[in-house]
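>>> This is a predicted model, with the sequence first.
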Amino acid sequence: MGDINRAAAPRPLHYILDDHGQPVACGDDNASVLRWAQWFCRNLEQRVVLRTVIEPYRVSTVFLGLDHRFVGDGPPVLWETMIFTSREASPSFGDYQERYASRESAVAGHTRAVDAVLAARRAEDAPTGPHDRFDVGGDS
């Protein structure tokens, strides 16, 4: 049985993506955090997984670079999908947010979010022709 007084090793907080899009943990020392911050600022397009515009909605899935698993065990939560709107829209997806522990789950979550927006548009009887939807950036 382990020593209950011994603190568990701290989880890495900062992550970057390698050349293959896989997350790599950075240390917590000053030099590592500076390396993370520089990578984060210089690699916006690499951090974008997918962006889909279905006016007036924008579905965005990105690599966060920080572990968002704040409680419990498991892999780091490093990707997020959100739905934004450019104007007053009904229905509102104002607080829509999903987070994921893998890029594959993030891509699947992006598809679910796009499907939710398309379903809402169909419910409004609004046209959703090719002129209303376009994908920007990212690679899948």
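On my side now, so go ahead. Quantities reported herein were computed from a predicted structural model and do not represent experimental measurements.

>>> The helix or strand harbouring Ala37: which residues count as buried?
If you go by DSSP states H and E, Ala37 is part of helix 30-42. By 16 or more other CB atoms under 10 Å, the buried positions in helix 30-42 come out as 36, 39-40. Where you see a C-beta, it was placed from the backbone N, CA and C, and this is true even at glycine.

>>> which element follows that helix toward the C-terminus?
Per DSSP H and E, helix 30-42 leads on to helix 44-47 as the next helix or strand towards the C-terminus.

>>> Now do that next one: everything it contacts.
Defining contact as CB atoms under 8 Å, 6 or more residues apart in numbering, one finds that helix 44-47 is touched by 17, 21, 40, 62-63, 65, 137.

>>> list the contacts for Arg11?
With CB under 8 Å, 6+ apart, Arg11 has these contacts: 67, 69, 76.

>>> okay, these in TSV with neighbour count and secondary structure next?
Shown next, in TSV, are the contacts of Arg11 (neighbours: other CB atoms under 10 Å; DSSP: H, G, I helix; E, B strand; the rest coil):
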residue	neighbour count	secondary structure
Asp67	18	coil
Arg69	14	coil
Pro76	18	coil
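
>>> For Leu13, state which of these is nearest.
Leu13 has its nearest neighbour among the contacts of Arg11 in Asp67, at 5.5 Å by CB to CB.

>>> Chain neighbours aside, what residue packs nearest to that closest one?
Pro76 (3.9 Å; CB to CB, 6 or more residues apart in numbering).

>>> Touching, that neighbour and Pro12? I think so.
Yes: under the criterion of CB atoms under 8 Å, Pro76 makes contact with Pro12 at 7.2 Å.

>>> top helix in this protein by residue count?
Longest helix in the chain, counting residues (DSSP state H): helix 103-123.

>>> tell me the mean pLDDT for it?
Across helix 103-123, pLDDT averages out at 93.

>>> Against which helices or strands is that helix packed?
strand 48-54, strand 57-63, strand 79-85, strand 97-100 (3 or more CB pairs under 8 Å, 6 or more residues apart in numbering; DSSP states H and E).

>>> quick one: low-confidence ranges for the chain?
Along the chain, the parts satisfying pLDDT under 70 run over 1-9, 87, 89-91, 125-140.
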